[in-house]
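Undergrad: Take a look and give me a structure for this.
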Amino acid sequence: MSRSPTTTDPEWLHNPHAGELLASEFMEPLEMDCVALAEAIAVDPARLQAVIEGDARIDGELDLRLARYFRMSDGFFLGLQDDHELRNARRALDGDLERIVPRAA
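TA: Numbering: from 1, shown residues only. Model (predicted):
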């Protein structure tokens, strides 16, 4: 069994971005490409491709379109985006949060 913090600390496991999850969990099972999804939700394919590649974030308007198309709740894809960004921020802070003393109530 590995004792490496890289493999045992869940904070250091792969952190998929929302576009990666969109592709692997929604598009691939339906054998849907970027152009077909972009047409179905009426967005520019280049914009959607940038999200899938992790070069752009999902915004509110794109979330609503994706949620409607895939029958998910509003905010679902924004939540995936936020989870990814928060985990990246926590990693980047590298312990700085622990040095902050919470304010007493």
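
Undergrad: The residue nearest in space to the middle of the chain and D96: what is the separation?
TA: When C-alpha atoms, centre = their mean is applied to the chain, the residue found nearest the centroid is A18 (2.3 Å). Using C-beta to C-beta, to the nearest Å, we find A18 at a distance of 25 Å from D96. (Glycine included, C-beta is placed from N, CA and C.)

Undergrad: lowest-pLDDT helix or strand in this protein?
TA: Least confident helix or strand of the chain, by mean pLDDT, DSSP states H and E, is helix 5-8 with a mean of 51.

Undergrad: Just the CA atoms of the following helix or strand past that helix, as CSV, please.
TA: Where DSSP states H and E defines the elements, the next helix or strand beyond helix 5-8 is helix 18-21. Output in CSV follows, covering the C-alpha atoms of helix 18-21 (Å, rounded to 0.1, in the frame of the first residue of the first chain):
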residue,chain,number,x,y,z
ALA,A,18,-16.3,20.9,-15.6
GLY,A,19,-15.5,20.6,-19.3
GLU,A,20,-13.7,17.3,-18.8
LEU,A,21,-16.7,15.9,-16.9
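
Undergrad: In contact with V43, which residues are there?
TA: L62, R65 (C-beta atoms under 8 Å, 6 or more residues apart in numbering).
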